[in-house]
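> Compute the structure for the input listed below.
(chains A and B, ligands or ions: 2)
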Amino acid sequence: MAYSITSLCVNCFACMDVCPSRAIAEAKPHFVVDARTCTHCEGDYADAQCASICPVEGAILDPDGLAANPPGSLTGIPPERLLALAACSPA
Amino acid sequence: MELKVLGPAKPAAGGCAKGSCGSTADQMAHLPEAIRDRVKNHPCYSEEAHHHYARMHVAVAPACNIQCNYCNRKYDCANESRPGVVSELLTPDQAVRKTLAVAAAIPQMSVLGIAGPGDPLANPARTFETFRQLSETAPDIKLCVSTNGLSVPEHVDELVRHNIDHVTITINCVDPEVGARIYPWIFWKNRRIRGRKAAEILIEQQQRGLEMLVARGVLVKVNSVMIPGVNDEHLPEVSRVVKEKGAFLHNVMPLIAEAEHGTYYGVMGQRGPTQAELTALQDACGDMNMMRHCRQCRADAVGLLGEDRGQEFTMARIDAMAIDYAAAMERRAAIHAAIEAAREDGRAQQAAMTAPAAVPAGTRPVLIAVASAGQGLVNQHFGHAREFLVYEAGPAGVRFVGHRKTDQYCVGSSTCGDAGTALERTIRALAGCEVVLCSKIGIEPWGALEAAGIQPNGEHAMEPVEAAAAAVYREMFEAGALDAAPAAQIA
Ligand code: SF4
Ligand code: SF4
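Ligands and ions are numbered 1, 2, ... in the order given. Take a look at the predicted model:
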């Protein structure tokens, strides 16, 4: 398995610009990782670059399919607060 | 005419805290002539230029390299645009076409900015490709860039290569303890860095970047977002430091945080400043000559003061336009020359009219709110005004001190939901002003304003703002209204 991008992606180009393997492409409805080209950044950097710059929690999954940046890990907003907000917002 | 004079015991926006209280209406007056010359036609830096010239932004820089607690990356950068707004993302080629189309259609357009949705310098290839093409095809357009500062040092050389003489850096703190409460993380040297360490690096880069730009002769403006309880008491120190390092303007903007924006501050209930708190802080940093007319316009807004013609320039429409930029450039030059001549006339006239010779020095100043739709005139109906320009009239003349939005600031308690009717909110936004000038006003708001101690005045419709304010001030003096301190205002 490789890193992958979910529908939470906001198409900000940040991961594409920093990927050392050129494994990420602009696409509709959101950016995609080419699983065959992704090297997990091994040999280039200690941390997966895409997962280290992506601003959106849950937008990037690690090779195990888990969120590289789980809820609350980037914004510091406690996940319960986010859930409460989602429950009462019309969107 | 009789003017009722009621006002707060201590005017919320009395102005003169220190330094910048000059003897002229022009807030740029204290700047060295070389800098004044370079910013006088810039609508974001000169309130007066704002009436004549237009600016636009293009959204070519979506990526960001830091996270701010007042930002939600679903939207544009919360620093340079209104939160909750999404701009049409453009490629550099599209951005250049859009800029040329707008500059041809709106000859007053003088400045092109890149300010998000992310950070321009976190998108160096897209940002500099846009600047490179524009420096070549439209050398009469000034370029400016707004950044969080993290990547300024590595891009200084490239920045000075283009037609860029203004850079805005958002600096919210110079103390990492404060920074750790504003920035949860940065992306630095291929790693995500968090907490105090992140703030330390960011602050160091911002300060170095500021020094390097100043050393290269680039004008640097500093923006700060005022976050009550986080950096409000710290910002006078920021102001002092950045001024020492050569920033030519320091602009304090209010935090705008709503739960529905989904930002950390919004969700966690961090409040924004009240108008009175904002004004008091701007006064405390007063010797930095604050840029109080900043409207935090949305990042892809197009047009003059208060107007947004962005809808006329969507990419689909631009692709259908044929643009002869060489011809447009000639037309622009002619129109800019005409604007300059008119401004020169206006200034001479204004100097003559605003000199309130009859009012002796030491007479107390008065805050006057003005409803204006542009061109420097009292030309807006009270009920149509979404914002009011606020002028301080005193024996030495009339000067612009800021503006009040009727619908944006949190003016009540931290729970603004039940803040009353629009009229009540407007009246609260005008707290501290003794007079409001407008072209027309309805009977109901007239009564409500009078009851709140603010005198509505429609007698100067279509007159130049400063002249009208000076005339009202003179009348108040002649009526003996300035002898006593203003009484308490019922807000
Ligand atoms: S893990 Fe590294 S190689 Fe794989 S997509 Fe992310 S940045 Fe590219
Ligand atoms: S950094 Fe995250 S949000 Fe941005 S394009 Fe990549 S996956 Fe999408």
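
> got the residues of the stretch 201-350 of chain B near chain A?
Contacts of the stretch 201-350 of chain B with chain A, taken as C-beta under 8 Å from any C-beta of the partner chain, map to B:Ala259, B:Glu260, B:Gly262, B:Thr263, B:Tyr264, B:Val267, B:Met268. Backbone N, C-alpha and C define where each C-beta goes, glycine included.

> which of these come close to ligand 2?
Among these, no residue sits close to ligand 2 (C-beta under 6 Å from any ligand atom).

> Drop anything exposed from those residues.
B:Ala259, B:Gly262, B:Thr263, B:Tyr264, B:Val267 (16 or more other C-beta atoms under 10 Å in any protein chain shown).

> Closest to ligand 2 out of those residues?
B:Gly262 (14.5 Å; C-beta to the nearest ligand atom).

> next one: phi and psi at the closest one?
Dihedral pair for B:Gly262: phi 70, psi 10, per degrees, to the nearest 10.

> any idea how far B:Val359 is from it?
51 Å (C-beta to C-beta, to the nearest Å).

> try B:Val220
Applying C-beta to C-beta to B:Val220 and B:Val359 gives a distance of 38 Å.

> Out of the residues of the stretch 201-350 of chain B next to chain A, which sit inside helices?
Mapping those onto helices (DSSP state H) picks out B:Tyr264, B:Val267, B:Met268.

> now, the most widely separated pair of the buried ones among the residues of the stretch 201-350 of chain B next to chain A?
Farthest pair in these (C-beta to C-beta) is B:Ala259 and B:Tyr264. Separation: 10.9 Å.

> In a strand, B:Val222, correct?
Yes: assigned with DSSP: H, G, I helix; E, B strand; the rest coil, B:Val222 falls within a strand.

> From B:Asn123, how far off is it?
21 Å.

> Between its first and last residues, how far does stretch B:380-393 reach?
20 Å (C-alpha to C-alpha, to the nearest Å).

> number of nearby residues for B:Val401?
26 (other C-beta atoms under 10 Å in any protein chain shown).

> Look up phi and psi at it.
Per degrees, to the nearest 10, the backbone of B:Val401 is at phi -120, psi -10.

> In CSV: the ones in helices among the residues of the stretch 201-350 of chain B next to chain A, plus distance to B:Ala54 and pLDDT.
Output for these, formatted as CSV (distance: C-beta to C-beta, whole Å; pLDDT from 0 to 100):
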residue, distance to B:Ala54, pLDDT
B:Tyr264, 34, 93
B:Val267, 36, 91
B:Met268, 37, 93
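
> In CSV, list these along with distance to B:Asn379.
Putting these into CSV (distance: C-beta to C-beta, whole Å) gives the following:
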residue, distance to B:Asn379
B:Tyr264, 41
B:Val267, 41
B:Met268, 42
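
> Helices of the stretch 101-250 of chain B, start to end?
B:124-137, B:152-161, B:176-179, B:195-215, B:235-244 (DSSP state H, counting those that start in this stretch).

> Which of the ones you listed sits closest to ligand 1?
That would be helix B:124-137 among the helices of the stretch 101-250 of chain B, by C-beta to the nearest ligand atom, at 17.1 Å.

> Return the member of the residues of the stretch 201-350 of chain B next to chain A nearest to B:Arg55.
Looking across those and measuring by C-beta to C-beta, the closest to B:Arg55 is B:Thr263, at 25.7 Å.

> Can you dump the C-alpha atoms of stretch A:34-41 in PDB for me?
What follows is stretch A:34-41, C-alpha atoms only, in PDB (Å, rounded to 0.1, in the frame of the first residue of the first chain):
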ATOM      1  CA  ASP A  34      -0.100   7.300  -7.900                       C
ATOM      2  CA  ALA A  35       0.400   4.300  -5.700                       C
ATOM      3  CA  ARG A  36       3.100   2.900  -8.000                       C
ATOM      4  CA  THR A  37       5.300   6.000  -7.900                       C
ATOM      5  CA  CYS A  38       4.900   6.800  -4.200                       C
ATOM      6  CA  THR A  39       8.100   5.800  -2.300                       C
ATOM      7  CA  HIS A  40       6.800   6.700   1.200                       C
ATOM      8  CA  CYS A  41       9.500   9.300   0.900                       C
END
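
> Specify the beta-bridge partners of the residue nearest the centre of chain A.
By C-alpha atoms, centre = their mean, chain A has its centre lying nearest to A:Ile60, at 2.3 Å. A:Ile60 has these beta-bridge partners by DSSP bridges: A:Ile5.

> Surely it touches A:Cys15?
Yes: look at A:Ile60 against A:Cys15 with C-beta atoms under 8 Å: they come within range, at 7.1 Å.

> which residues do the two both contact?
When contacts are counted by C-beta atoms under 8 Å, 6 or more residues apart in numbering or on different chains, A:Ile60 and A:Cys15 are jointly contacted by A:Ile5, A:Cys50, A:Cys54.

> Also near ligand 2: which of those residues, exactly?
Among those, the residues within reach of ligand 2 (C-beta under 6 Å from any ligand atom) are A:Ile5, A:Cys54.

> Now the buried members of the shared contacts of A:Ile60 and A:Cys15.
A:Ile5, A:Cys50, A:Cys54.

> Pick the one among these closest to A:Gly43.
A:Cys50 (15.6 Å).

> In space, what's closest to that closest one - neighbours in sequence excluded?
Using C-beta to C-beta, 6 or more residues apart in numbering or on different chains and skipping the chain neighbours, the partner closest in space to A:Cys50 is A:Cys15 (3.6 Å).

> That neighbour: what secondary structure?
helix.

> hang on, it packs against A:Ser52?
No: counting by C-beta under 8 Å, A:Cys15 does not reach A:Ser52; the two are 9.0 Å apart.

> in the sheet, who's paired with the residue nearest to B:Cys144 when sequence neighbours are not counted?
Spatial nearest neighbour of B:Cys144, chain neighbours left out: B:His166 (4.0 Å); criterion: C-beta to C-beta, 6+ apart. Beta-bridge pairing of B:His166 under DSSP bridges involves B:Cys144, B:Leu219.

> No more questions from me, cheers.
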